[in-house]
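Trainee: here you go, sequence then predicted model.
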Amino acid sequence: MNVFLSYRVALFIIIVLLLRPDLACGEKFPEVVVTGHAPVAASSTRVVPGEDFQVRPQGRPADLLRLAPGLVIAQHAGGGKADQQFLRGFDSDHGTDVLITLDGMPINLRSHAHGQGYADTHFIIPETLSALEITKGPYEIRQGDFATAGAVNFVTAETAPDDFIQHGSASFALRRDLLVASPTRGAVKTLVAFESFHNDGPFLHPDGYDRYNGLAKTTLHPTEATDLSLAVTHHTGRWHGSGQIPLREVRAGRLDRFGAIDPSEGGRTDRTTVNLHGTWHPDEQSSWHTQWYYQHYGLDLYSNFTFFKDDRVNGDGIGQFDRRQVYGADLRYQREERPWGVPATGTLGFQARVDDARVRLVHQAQRNTLSLTQAADLLEGSYTPYAELELRPFTKMRLVTGVRQDFFHDQVEDHKPGSTALNGIRSADRLGYTGNLVLGPWARTEYFANYGQGFHSNDARAIILNPALEPLPTARGAEVGARARPTKSWQWTGTLWWLDLDSELVFSGDDGTTEARGRTRRYGWELGTRWTPRAWLQVGGDVTWSHAEFTATGDAVAGAPKLVARGDVTVRTPRGLESSLEVRHLGPRDGVGDRSIHLQGYTVIDWTTRYRLSQHHPWWKHVDLFFAIENLLNRHYREAQFVTETQLQSESSPVQDITFSPGYPRTISGGLRVEF
């Protein structure tokens, strides 16, 4: 089966899942109850329950992001670097236009050494999560910076259903050991977890990626009206990477697709977080919510994107170093009333955040510094008052509207000897608002209309270097959609959307410069379905299409995704067998603005199976065996791709070419979980 045929097969499977729910027989099935937050106002909102995490391959924590319809991730630097994200026509790099949070605590980092909004999720342990909350577009008033294409919130559990230890291993020396336990589950609930991970990958120069994660969380109820929770995490990662390699060398047979031009790429990172939540209900109509968080973060990242274009002797290796502390708060008061008999809920809130960072950019070879390119200390603060009002004037009508005012203050000090270019202070503010209408249900169908204004902040260094750049470019978006459940066993969603961004400003962390590219427009559609023809069988899928272009010229936004599709079939039997077959597809896309170079798409199939031994033992409750094959058909594909001007030592001049990181070949993994 060639790539073209597998592409057609994948699309055929997904189209059947979307268009042929009538294949279900007419008998009654028990309703599946899913615990989670109801959609606030949009058809594209989704809550993925924790049970969907269980039948997943052993992989990166960011793999869970693939459960968000239309969201694609790619890795191109050895495993420990934040993943590249694609959503709704955005090549969001590492998080510029996708907000990622853990229990409401922001993960995206402002004015990061490697790029604005850098969001590394490797410190999250998937088995400690209870849900994944997914929203699209700028329609949630509490979501501010970076929430333009969408937002994902990882929700941690209060306790583990059972204490367990787990060991898994896979191809390419992958090993993962895990401990999850809840010492107490009564008035005081606790959750502790520890993870050890190693992976060499399929590369000729092994990644040697080591990751260690820890989590400790406590939840308690001091009074009947008060809830408190405190979560602490720590993460350490070290790795090498083969980086992006030139396609011309692979096609000529001079370089293996798992080889490297500069095998010294990679890095190290550390992250410690503290997240405190408190809720107080003084009466049945009102509540106070508080959140306070702190993060200590560090990254050393070594890369080489152009090889020997600028330095013919030492190469073009760069080193990017980031040391920072992040602290912030989110406070809100909520009250329910019935003015003139109309149910209403009002919310007043206040958010604040400070990034205190030291970022450095150097020219390096084999991780040895040759010269200092840029050095800056940044103090970037923001505060935001916001308000939201929800009204239900009629039984089948819900109105949700909100307003927020963001104030930013950036102070940058240049610490490169002899340079003052980065010395400066900038302040900016912007007004944002949202309006959402929900109608229904009629005939088991709800209808949604949404409009909102969001933004992503630009790197503080960029707006100091170029005062003409907009510090807080506005994104204006709207969508209409429907969410239906025609039968107890079948549900579907459909959405049409568009989004305008005032200025596609991109700060390049690779060379310390900024490029302003003007206004952009994106639009597209999404379809999704979930069908449960039997209590033990679940079938699902989603297809998204998007178009992205610069409004002044009509040029394509390079790297923006177009067609993204995913389908899965999951079996859960009463005897403890769980098995899932997943197909995911990313279509071809434009590599440059004039659409003369196209980036190759791919289709990948993964299969995962878990079996629970039901018998009990004096020392343990259950034993789970799990087995997975990723990239079942062993497709050769490019996971990350860029059109870059590069030069090798053997070449006399630079060449514009596709550079890429290969997707993993067929990977077989298995392991054992013991619950006690």
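Mentor: Thanks, I have the structure now.
Trainee: for stretch 175-187, buried residues please.
Mentor: Using 16 or more other C-beta atoms under 10 Å as the test for burial, stretch 175-187 gives Arg175, Arg176, Leu178, Leu179, Val180, Ala181, Ser182. Any C-beta I mention is one placed from the backbone N, CA and C, and that applies to glycine too.
Trainee: what distance do you get for the second one to Arg211?
Mentor: Computed with C-beta to C-beta, to the nearest Å, the distance linking Arg176 and Arg211 is 9 Å.
Trainee: need the residues touching each of these two.
Mentor: Glu195, Ser196, Phe197, His198 (C-beta atoms under 8 Å, 6 or more residues apart in numbering).
Trainee: show me what contacts the last one?
Mentor: Taking C-beta under 8 Å, 6+ apart as the criterion, His198 is in contact with Ala173, Leu174, Arg175, Arg176, Gly208, Tyr209, Asp210, Arg211.
Trainee: which among those residues count as buried?
Mentor: Leu174, Arg175, Arg176, Gly208, Tyr209, Asp210, Arg211.
Trainee: could you pull out the strands for the stretch 301-450 of the chain?
Mentor: In the stretch 301-450 of the chain, the strands defined using DSSP state E, counting those that start in this stretch lie at 318-337, 344-365, 368-394, 397-414, 424-442, 445-455.
Trainee: which of the shared contacts of Arg176 and Arg211 fall in strands?
Mentor: Among the shared contacts of Arg176 and Arg211, DSSP state E puts Glu195, Ser196, Phe197, His198 in strands.
Trainee: now those: which count as buried?
Mentor: Buried among those by 16+ other C-beta under 10 Å: Glu195, Phe197, His198.
Trainee: can you name the residues bridging to the last one?
Mentor: It stands for His198. Counting by DSSP bridges, His198 is bridged to Arg175, Asp210.
Trainee: quick one: low-confidence parts of the protein?
Mentor: Flagging of the chain using pLDDT under 70 yields the residue ranges 1-40, 57-59, 505-516, 615-618.
Trainee: how does it look with 80?
Mentor: Where the chain drops to pLDDT under 80, the residues are 1-41, 51-62, 77-78, 92, 505-517, 614-620.
Trainee: related to what we said a few turns ago, would you turn the shared contacts of Arg176 and Arg211 into JSON lines with distance to Val98?
Mentor: As requested, the shared contacts of Arg176 and Arg211 are arranged in JSON lines below (distance: C-beta to C-beta, whole Å):
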{"residue": "Glu195", "distance to Val98": "24"}
{"residue": "Ser196", "distance to Val98": "29"}
{"residue": "Phe197", "distance to Val98": "24"}
{"residue": "His198", "distance to Val98": "28"}
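Trainee: from the residues you listed, which is closest to Arg332?
Mentor: Among these, Glu195 lies closest to Arg332 (C-beta to C-beta), at 32.7 Å.
Trainee: am I right that that closest one is in contact with Gly168?
Mentor: No: in this structure Glu195 lies outside contact range of Gly168 using C-beta atoms under 8 Å: 10.7 Å.
Trainee: could you dump the buried ones among the contacts of His198 into JSON lines and include distance to Trp239?
Mentor: As requested, the buried ones among the contacts of His198 are exported to JSON lines (distance: C-beta to C-beta, whole Å):
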{"residue": "Leu174", "distance to Trp239": "13"}
{"residue": "Arg175", "distance to Trp239": "14"}
{"residue": "Arg176", "distance to Trp239": "15"}
{"residue": "Gly208", "distance to Trp239": "6"}
{"residue": "Tyr209", "distance to Trp239": "4"}
{"residue": "Asp210", "distance to Trp239": "7"}
{"residue": "Arg211", "distance to Trp239": "8"}
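Trainee: now, the most widely separated pair of those residues?
Mentor: Across those, the longest distance by C-beta to C-beta is 15.1 Å; it joins Arg176 and Gly208.
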